[in-house]
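# quick one, fold the following:
(one chain, ligands or ions: 1)
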Amino acid sequence: MRCDQTAAWKALIAHADTFKSFDLRSAFEQDLERFQSLSPSAPHVWADLSKNHTDTVTEALLIELARQTGLEAHRDAMFRGEPINNTEDRAVMHWLLRQPEGTLSGALAAPLKQVHDTLKPLLAFAEQVRAHTQITDVVNIGIGGSDLGPQMAVLALQDFAMPGKRFHFVSNVDGHELAGVLKVLKAENTLFLIASKTFTTTETMTNARSALAWFRAQGGTDVARHFVALTTNVAAAAEMGITTTFGFWDWVGGRYSLWSAIGLPLAIAIGAQGFRDLLAGAHAMDQHFQTATMENNLPVRLGLLDVWYRNFLNYTSRSVAPYHSALRRWPAYLQQLEMESNGKRVDRNGHALTYDTSPVLWGEPGTNGQHAYFQMLHQGTDVVPVEFIAVKKPTHNMADHHELLLANAIAQAQALMLGQADEGGHKHFAGNRPSTFLLVDELSPTSLGALIAMQEHRVFVSGSVWGINSFDQWGVELGKVLAKDIHVRIATGDVDGLDASTAALVARVRG
Ligand code: F6P
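This is a model prediction of the structure:
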């Protein structure tokens, strides 16, 4: 049933009315169990949700909403391999990529076998590259899901990466990016990974062709040793002359593909065992998502809170604040994961929605953000829920730095909530600003795997309640088509039929 037709939705509208006077400070005074009831945990991740604009009634109504919209049945359909990506008629099985070998029977046994038959040579190749001292530089050429996941993870796990190899990520069609990277490389020391699910994406194809041309111009001849394609379209890679390939399947969405061959840069960085640990962490979260009751299910609680904020309290964005500098690409990664998945205006059957979907996600690592836009979070006119992520144990031994970092994260959450009522004017902080605090013991392959899978499932939860297809991305197509036309017009100067603004821009960039 459409979420806005359910009894729970109506009850939530009424309940949201009472939140006009909700105050976090009094909520803690009135409910001594508040922290206990709002601090769920999952494998490798603990969450403090208690500083959010929610209470036990809200949580119960949201779970009702999940039940009435068939969240559990939809989740189970995904884990049965049904084609829930209905607009592309595809199954959604990124979770299968982290399922241990030989653990499924029936229709999923064969694809699981394929997954492991592909994973083993992929990881063996990663180990070969690690052992190959001549290769000092690995360049990943890919964009969107073929860039953001591996880039975020290679950075996040830099302390687990082998020394002696540098990793570069080239995504933009802007030649400044590729030129800047090539400038510091030598052909004989470089391995290019051309990462593209479709092997048709203009940016990646353009960068790949230029990288090949550069390699040959440098005297490079052994393309098979220096270029690897990571793709579901092996034929297109072969056409480009790239014969070393690692494949995956159309049931892996681009933004969910880190666990597939697209994860090769990470596997080279942290090794086969590290990659297997990442998969194990994600699998533990998959099991939690599948088996924990809704009340104890962290991705469910987070996804439902997102719905509550977006549709009932009308918060339009979420600020993501990882208090770990290695997680500096985490916000960018989440932007694609959540906004490309749930930035939709029609339901699964193509009918226009009458309620809002994906919030805007944005952020920077703490404490940097504190010295930039946190002003607005504390005293701006919009209420923006903040999601802190902190890591208990650092991988360095400068304890004073880490204590300061953690103190800042906790203090920011506290300041947002408590405010400063006894000061007037410019020094007044109204407080009562919501935040979530996620804590992991250490940032390791296992915990990162769990964190990412948690985010994937959380996006699934809100998308499922909204009744949208979280696994297509038709909204990226129009710009691609128009760019092809404008590309020709920039070359020829033909502005016929264009609107006045576009015509002027074309003329201006030519002049
Ligand atoms: O244009 C959007 C998109 O299709 C993303 O969904 C995807 O992650 C990215 O482009 C890259 O696609 P590919 O891996 O096929 O090059």
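
# separation between whichever residue of the stretch 251-400 of the chain sits closest to the ligand and residue 286?
Residue of the stretch 251-400 of the chain nearest the ligand, by Cβ to the nearest ligand atom: residue 254 (2.7 Å). Quick note: C-beta positions are derived from backbone N, CA and C, even for glycine. Noted for residue 254: a distance of 19 Å to residue 286, by Cβ to Cβ, to the nearest Å.

# the residue of the stretch 251-400 of the chain closest to the ligand: neighbouring residues, count only.
23 (other Cβ atoms under 10 Å).

# how about the contacts made by it?
144-146, 197, 473 (Cβ atoms under 8 Å, 6 or more residues apart in numbering).

# most neighbours, which of the residues you listed?
residue 146 (31 neighbours).

# which residue comes closest to it once chain neighbours are left out?
Of all residues not flanking residue 146 in the chain, residue 195 sits nearest, at 3.9 Å (Cβ to Cβ, 6 or more residues apart in numbering).

# isn't that neighbour right up against residue 140?
Yes. Applying Cβ atoms under 8 Å, one finds residue 195 in contact with residue 140, separated by 5.7 Å.

# find the residues that touch each one of those two.
In contact with both residue 195 and residue 140: 146-147, 150, using Cβ under 8 Å, 6+ apart.

# show me where the stretch 251-400 of the chain has helices.
264-291, 298-307, 330-334, 341-342, 374-379, 399-418 (DSSP state H, counting those that start in this stretch).

# quick revisit: which pLDDT does the model give the closest residue to the residue of the stretch 251-400 of the chain closest to the ligand other than its chain neighbours?
Counting by Cβ to Cβ, 6+ apart, residue 254 lies nearest to residue 145, which is 3.2 Å off, once chain neighbours are set aside. Looking at residue 145, its pLDDT is 98.

# run a quick neighbour tally on residue 26.
11.

# just to check, the residue nearest to residue 254 is in contact with residue 197?
Yes. Applying Cβ under 8 Å as the test, residue 145 and residue 197 come out as touching, 7.2 Å apart.

# for this protein, list the residues in contact with the ligand, please.
143-146, 196-198, 201, 204, 254-255, 340, 473, 476 (Cβ under 6 Å from any ligand atom).

# I'd like those residues laid out as a markdown table, including distance to residue 276 and secondary structure.
Shown next, in a markdown table, are those (distance: Cβ to Cβ, whole Å; DSSP: H, G, I helix; E, B strand; the rest coil):
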| residue | distance to residue 276 | secondary structure |
| --- | --- | --- |
| 143 | 27 | coil |
| 144 | 25 | helix |
| 145 | 21 | helix |
| 146 | 22 | helix |
| 196 | 25 | coil |
| 197 | 23 | coil |
| 198 | 27 | coil |
| 201 | 29 | coil |
| 204 | 27 | helix |
| 254 | 23 | helix |
| 255 | 22 | helix |
| 340 | 28 | helix |
| 473 | 30 | coil |
| 476 | 32 | helix |
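
# right, and the ligand sits closest to which residue of the stretch 351-500 of the chain?
For the stretch 351-500 of the chain, Cβ to the nearest ligand atom, closest residue to the ligand: residue 476, 3.8 Å.

# and the strands in the stretch 301-450 of the chain?
Applying DSSP state E, counting those that start in this stretch to the stretch 301-450 of the chain gives strands spanning 317-323, 360-362, 386-393, 435-442.

# and residue 210, which of these is closest to it?
Proximity to residue 210 (Cβ to Cβ) singles out strand 360-362 among the strands of the stretch 301-450 of the chain, at 31.5 Å.

# buried sites along that closest one?
Buried positions in strand 360-362, judged by neighbour count with 16 or more other Cβ atoms under 10 Å: 361-362.

# could you give the mean pLDDT of that strand?
For strand 360-362, mean pLDDT is 98.

# try stretch 25-37
97.

# distance between the ends of that stretch?
16 Å (Cα to Cα, to the nearest Å).

# chain center to that stretch, what's the gap?
In terms of Cα atoms, centre = their mean, to the nearest Å, the centre of stretch 25-37 is found 32 Å from the chain centre.

# list the buried ones in it?
Quick answer for stretch 25-37 (16+ other Cβ under 10 Å): 27, 34.

# I'd like to know how far the residue nearest to residue 436 when sequence neighbours are not counted sits from residue 197.
Spatially, and ignoring its direct neighbours in sequence, residue 436 is nearest to residue 387 (4.7 Å; Cβ to Cβ, 6+ apart). As judged by Cβ to Cβ, residue 387 and residue 197 stand 28 Å apart.

# I'd like the distance between residue 120 and the ligand.
Note on residue 120: its distance to the ligand, by Cβ to the nearest ligand atom, to the nearest Å, is 23 Å.

# can you classify that residue by secondary structure?
Assigned by DSSP: H, G, I helix; E, B strand; the rest coil, the conformation of residue 120 is helix.

# ok, it - how many residues close by?
Neighbour tally, residue 120, other Cβ under 10 Å: 12.

# any idea how far residue 146 is from it?
Applying Cβ to Cβ to residue 120 and residue 146 gives a distance of 22 Å.

# could you do residue 455 as well?
Taking Cβ to Cβ, one finds residue 455 at 18 Å from residue 146.

# tell me the contacts of residue 430?
Residue 430 touches 379, 419, 421, counting by Cβ under 8 Å, 6+ apart.

# rerun at 10 Å
By Cβ atoms under 10 Å, 6 or more residues apart in numbering, residue 430 lies in contact with 378-379, 383, 419-421.

# type out the PyMOL command that picks the buried ones from the residues you listed.
To isolate the buried members of those in PyMOL, using 16+ other Cβ under 10 Å:
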select buried, resi 378+383+419
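
# TSV please, covering the contacts of residue 430 and showing pLDDT.
Converted to TSV, the contacts of residue 430 look like this (pLDDT from 0 to 100):
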residue	pLDDT
378	98
379	98
383	98
419	97
420	95
421	90
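
# using TSV, lay out the contacts of residue 430 together with distance to residue 319.
Shown next, in TSV, are these (distance: Cβ to Cβ, whole Å):
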residue	distance to residue 319
378	12
379	14
383	11
419	17
420	20
421	23
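
# which of the contacts of residue 430 lies closest to residue 304?
residue 383 (18.4 Å).

# domain assignment for the chain?
38-89+277-474, 94-270, 475-510 (automatic domain parsing).

# now do the same end-to-end measure for the shortest one.
Taking Cα to Cα as the measure, domain 475-510 stretches 29 Å from start to finish.

# so which of the helices of the stretch 251-400 of the chain is the most surrounded?
Greatest average neighbour count among the helices of the stretch 251-400 of the chain goes to helix 298-307 (a mean of 26), per mean count of other Cβ atoms under 10 Å.
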